[in-house]
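K.L.:
Mind folding the following:
(one chain, ligands or ions: 2)
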Amino acid sequence: PLVLHVLGARPNFVKAAPVVSGLSSIGIRQGIVHTGQHYDALMSDVFFADLGLPEPVANLGVGSGSHARQTAALLTGLEEVVLEHSPDLVVVYGDVNSTLAAILVCAKLGVPTAHVEAGLRSFDRGMPEEVNRVVTDALSDLLFATSPDALSHLANEGVDPARVHLVGNPMIDSLFSALPKLDPAPVRERLALPERYGVATLHRPANVDSPEAARELVDAVLEVSNRVHIVVPLHPRGRTRLAEAGLVSGENLSIVDPLGYVDFLSLVRGAALVVTDSGGVQEETTMLGVPCLTVRPNTERPVTITHGTNRLVTPALLPSAADKALADGAATPSGDLPPLWDGKAGPRIARVIAAWLKGDNLSP
Ligand code: UD1
Ligand code: UDP
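P.N.:
Ligands and ions are numbered 1, 2, ... in the order given. Model prediction:
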């Protein structure tokens, strides 16, 4: 049998690596299809190198565009590649447009699919990712959940529980594998950062696409940078808009290119504080015990609040929340970390897939 993984964007690579390695250790034939949704070396190649991912069997080079244009290019490109390879299973990850397109293509071609990170819900249909999650879960044959709340969301949407498997979080497997390599000192030196610093990542459309939202957010981040030096490895999406709103390097603020996986997590590991709107970063800070302020009105990852270091804040409340987080110091992980975030999600997923390929009864 052949398993294809469809990957397109930065967080996909991090989630897929442990699954690829899990399947590889039980001898299952597999290949990666890179859609090319992310294509800059710092958004893509560096992750293949840092995570030890094998070369893709195809790169569709779809690139950027409006949702319709990008999704259309993904659909036509993926249909061809799926027909060419006739996989027995296609595995998709997370909530990006590449994930949505792959699930639609496979559903129409009658090719079975598995969704890793199923059942997360922000209940905010204004987020493109929420639309992608709902459609992907409705069409997947096998659903791998990272946290227990996902099980009830899927049940409420009428997904047959026999198809759902709570397996833990492969993004955390990747973090565990990288841990021995995470050293803040060399990155801090290279970026000329003081010993005490915070890290910010910002790329959600709701935060960076409109000049008004960008301005409000940038004002808040500038205020935080008066308390602690802030380094912002800036996603290409927000580059222009946030710079126009005043997010430029200065005495207390370093705006830098996106960082590779190991460099980024090294920096996070040594940070006094993280400010973010990323999904994955909420999870990683929870595991590393670094206080995380998420500038969003909601999160599809509530376990990072109930079992972790995450707090939701508005831009207006960010400075005072940062003051408090900095005063409280490092949040010690409570010992009550999210269930099954133990670095073994990849092998669990691989075992379920292997059994499914053999046609075994898969009731959880
Ligand atoms: C996508 C995902 C988002 C995820 C993020 C991870 C969707 C709908 N969104 O958002 O859920 O959190 O990836 O990083 O799939 N660009 C470059 N170089 C690149 C890639 C993008 O310059 O390698 C720029 C382009 O101007 C592009 C913009 O970033 O138009 C947005 O890229 P896109 O892939 O459409 O969405 P993201 O904002 O990256
Ligand atoms: N990340 C990285 N370099 C950066 C910013 C993020 O390696 O400069 C990693 C981060 O550690 C996490 C993943 O990228 O593993 C999250 O991706 P992103 O925030 O782009 O997407 P989201 O999780 O919001 O979908």
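K.L.:
got the phi/psi numbers for the nearest residue to residue 215 once chain neighbours are set aside?
P.N.:
Spatial nearest neighbour of residue 215, excluding adjacent residues (Cβ to Cβ, 6 or more residues apart in numbering): residue 245 at 4.5 Å. C-beta here means a position set from N, CA and C on the backbone, and glycine is covered the same way. Backbone geometry at residue 245, expressed as degrees, to the nearest 10, gives phi -80, psi 0.
K.L.:
list the contacts for residue 245?
P.N.:
With Cβ atoms under 8 Å, 6 or more residues apart in numbering as the criterion, the residues that contact residue 245 are 211, 214, 215, 217, 218.
K.L.:
State the helix or strand in which the last one lies.
P.N.:
When secondary structure is defined by DSSP states H and E, residue 218 falls within helix 211-225.
K.L.:
Assign residue 81 to helix, strand or coil.
P.N.:
Assigned by DSSP: H, G, I helix; E, B strand; the rest coil, the conformation of residue 81 is helix.
K.L.:
neighbours around it, how many?
P.N.:
Applying the criterion other Cβ atoms under 10 Å, we find 21 residues in the vicinity of residue 81.
K.L.:
Any regions of the stretch 251-364 of the chain where pLDDT drops low?
P.N.:
In the predicted model, the stretch 251-364 of the chain carries pLDDT under 70 at residues 330-335, 361-364.
K.L.:
residue ranges for the helices of it, please.
P.N.:
Listed in chain order, the helices found in the stretch 251-364 of the chain under DSSP state H, counting those that start in this stretch are 261-269, 279-288, 303-306, 318-328, 345-357.
K.L.:
Please tabulate those helices in TSV and include mean neighbour count as additional columns.
P.N.:
Shown next, in TSV, are the helices of the stretch 251-364 of the chain (neighbours: other Cβ atoms under 10 Å):
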stretch	mean neighbour count
helix 261-269	22
helix 279-288	24
helix 303-306	19
helix 318-328	17
helix 345-357	21
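K.L.:
Quick check: which of the ones you listed is nearest to residue 224?
P.N.:
The closest approach between residue 224 and any of those, judged by Cβ to Cβ, belongs to helix 318-328 at 4.5 Å.
K.L.:
Dump the helices of the stretch 251-364 of the chain to CSV, plus distance to residue 4.
P.N.:
Formatted as CSV, the helices of the stretch 251-364 of the chain follow (distance: least, Cβ to Cβ, whole Å):
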stretch, distance to residue 4
helix 261-269, 23
helix 279-288, 23
helix 303-306, 30
helix 318-328, 42
helix 345-357, 12
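K.L.:
Dump those into CSV; add distance to ligand 2 as well.
P.N.:
Rendered in CSV, the data for these read as follows (distance: least, Cβ to the nearest ligand atom, whole Å):
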stretch, distance to ligand 2
helix 261-269, 3
helix 279-288, 3
helix 303-306, 12
helix 318-328, 18
helix 345-357, 14
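K.L.:
Contact residues of the protein facing ligand 2?
P.N.:
By Cβ under 6 Å from any ligand atom, the part of the chain that sits against ligand 2 consists of 10-11, 14, 201, 233, 258-259, 261, 264-265, 278-281, 284.
K.L.:
Can you pick out the most distant pair from those?
P.N.:
259 and 279 (17.2 Å).
K.L.:
what's residue 39 in contact with, if anything?
P.N.:
When the contact criterion is Cβ under 8 Å, 6+ apart, the partners of residue 39 are 61, 63.
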